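1. 3D model of this:
(2 chains)
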Amino acid sequence: MALFPLLSNFEGDFVLQLVAVDTENTMDEVAAAAAVHSVGRRVRARPDCIMRIRRQGSEDFLPRTMKVSESGLKPTETVEIIWEAARH
Amino acid sequence: MAVLNRMDWYDLARSTNWTPSYVSEDELFPPKLSGDFGLPQNAWEKYDEPYKQTYPEYVKVQREKDAGAYSVKAALERSRIFENADPGWKSVMKAHYGAIARGEYAAASAEARMMRFSKAPGMRNMSTLGCLDEIRHGQMQLYFPHEHVAKDRQMDWAFKAYDTNEWAMIAARHFFDDIMMTRDAISVSIMLTFSFETGFTNMQFLGLAADAAEAGDHTFANLISSIQTDESRHAQIGGPALKVLIENGHKAEAQKRVDIAVWGAWKLFSVLTGPIMDYYTPLAHRKQSFKEFMEEWIVAQFERALTDMGLDLPWYWDIFLNDLSQTHHGMHLGAYYWRPTLWWNPAAGITPDERAWLEQKYPGWNDTWGQCWDVFIDNVVDGNMEKAYPETLPAVCNMCQLPILGTPGKGWNVKDYPLEYNGRLYHFGSEVDRWVFQQEPERYAGHLSIVDRFLAGMIQPMDLNGALHYMNLAPGEIGDDAHNYAWAEVYRAMRAAKKAS
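-> Here you go, the predicted structure:
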């Protein structure tokens, strides 16, 4: 349990933002924390989608349940939050 | 008594180099301050300034300039221009004075460094006059806003801004410290006068004077024109120095200094001038878009200045030309969204008519920047104001100190340009910002951006109020929408009409 700063690069938004998460947070929780500062402010919500996390430059998403402490992310590293169509 | 023509004696009178006998040349001109590039005094004696002026001529002309600008101010003091001006125009004045006035005083010390330490006698003469210019600019741009301080606390930032940790001022200080406060005489001449003043400010002052006249603010228009005439003279200090360097095999060092300074100047103008031209200036008074202005006055002119000099275009020229359509939209949206952290009240500039203008000038604006503004506008129209203000900090670039941004919406291309150096992770807003850092990492590595300071616990409490306190923004100074969201009425009316139909 420790505060962990990340930079959020949210799909559709225009600026990187500082987001404070916890090392115990999952990637879904990181996405939700990042969304607070973009969705409904400058990015429209997309109820048909879920939000996935990936490292900048990577095509692959990190597993949704992976914890920050397991991810190898560095403090202040930039993560991309990408809309993914929800499976029904 | 007959007086000799200036050109009969000027060259002789300003040939003030001599061979020192009590001290060495390096003691007289310490290389770190002189920036001699290994060239002896006689190489620098070939420096030939294109604009020759003697001290008596200078004093005569400057006296007339001062008399002109101050008398216009005195004549118009009761005209209530400030009270009646569009709030967007007042924001232009506030942003300009805060970002510029004290920087002019700092520039006087940079000119003084050239005056004392340059090995080129012609440069010493020109920068003596340049130093006096900058003192005059500092004094005028503090005196002129002073009459408004009693009416509006934000006007106090004309003096106060440079003493604060407000984010835009950290950015301005970082840039000016780099190009003029911590460089040798020759580098100052290249980076401040040639790159920043010839490339950008000279033209910026022309544009701003025209905008002021258009807005009916003749006091400000006269002030700015008066300053611009000085700029166009002392901006020419760097050109002959570049010639000396190129002729003596130092083109690469000269080019690098130009490339570094031009990029920093561009970023600063993208946050200051871009929003003013494309968003704050009332639609009826807009003559050119920021992009058109830059392309006509800066790009074309500066390209010519560079090639005339025998230099190349900066390696990043294509990136720069592309960014002319994008970066300032992001700087405006960022400055506006984080408006409590400004010392002026930004005009949103996003009514349907203004958006149509933006779409025309920047095809695709509605599908990109407009998408972010759509959400913002809905929040204001719905009274959902807590979503219309920020709750965190934007990431800022470790070089230009401005937000790291890109194009949103359908053209989403936002990207970080990270670099790990000595175990610390740095973030940059572009490939060019990162390149500047890599040219001399130790020069920049120790600086903490506003976000670095926040994470280091230097901003307490760690929330917006703590940040505002850290930035020295007192109640009554904190920025908000210039028109108190009056523009939202148009959208409310559109909604009502749609509902009724």
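
2. contacts and neighbour counts: CA atoms only from here.
-> Noted.

3. just the CA coordinates of the top helix by length along chain A, formatted as CSV?
-> Longest helix in chain A by number of residues (criterion: DSSP state H): helix A:27-35. What follows is helix A:27-35 as a C-alpha-only set of coordinates in CSV (Å, rounded to 0.1, in the frame of the first residue of the first chain):
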residue,chain,number,x,y,z
MET,A,27,-5.5,-1.8,-13.9
ASP,A,28,-9.3,-1.4,-14.0
GLU,A,29,-9.0,0.8,-10.9
VAL,A,30,-6.2,2.8,-12.5
ALA,A,31,-8.4,3.4,-15.6
ALA,A,32,-11.3,4.5,-13.3
ALA,A,33,-9.0,6.9,-11.5
ALA,A,34,-7.8,8.4,-14.7
ALA,A,35,-11.3,8.7,-16.1
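
4. give me the helices and strands touching that helix, please.
-> Packing contacts for helix A:27-35, counted by 3 or more Cα pairs under 8 Å, 6 or more residues apart in numbering or on different chains; DSSP states H and E, involve strand A:3-10, strand A:17-22, strand A:49-55.

5. among those, which is nearest chain B?
-> Counting by Cα to the nearest Cα, chain B lies closest to strand A:17-22 out of the helices and strands packed on helix A:27-35; the figure is 4.1 Å.

6. contact partners of the closest one?
-> Surrounding strand A:17-22, the residues in contact under the criterion Cα atoms under 8 Å, 6 or more residues apart in numbering or on different chains are A:1-9, A:30, A:33-34, A:37, A:68, A:76, B:392-395, B:451.

7. spell out the residue ranges of the strands in chain B.
-> Using DSSP state E, the strands of chain B run over B:417-421, B:424-428.

8. out of these, deepest packed?
-> Most buried of the strands of chain B, by mean neighbour count (mean count of other Cα atoms under 10 Å in any protein chain shown): strand B:424-428, with a mean of 20.

9. that one to strand A:3-10, inter-axis angle?
-> With axes from the mean of the first three to the mean of the last three Cα atoms, to 10 degrees as the basis, strand B:424-428 and strand A:3-10 are set at 20 degrees to each other.

10. which other helices and strands contact strand B:424-428?
-> Counting by 3+ Cα pairs under 8 Å, 6+ apart, the packing neighbours recorded for strand B:424-428 are strand B:417-421.

11. low-confidence ranges, the stretch 151-300 of chain B, go.
-> B:202-203 (pLDDT under 70).

12. residue in it nearest to chain A?
-> Taking Cα to the nearest Cα, the stretch 151-300 of chain B has residue B:271 as its residue nearest chain A, at 14.0 Å.

13. mind checking how far the nearest residue in space to residue B:454 that is not next to it in sequence is from residue B:474?
-> In space, and not counting its chain neighbours, residue B:454 is closest to residue B:462: 7.2 Å by Cα to Cα, 6 or more residues apart in numbering or on different chains. As judged by Cα to Cα, to the nearest Å, residue B:462 and residue B:474 stand 17 Å apart.

14. can you check residue A:61 too?
-> As judged by Cα to Cα, residue A:61 and residue B:474 stand 44 Å apart.

15. perfect, I'm done here.
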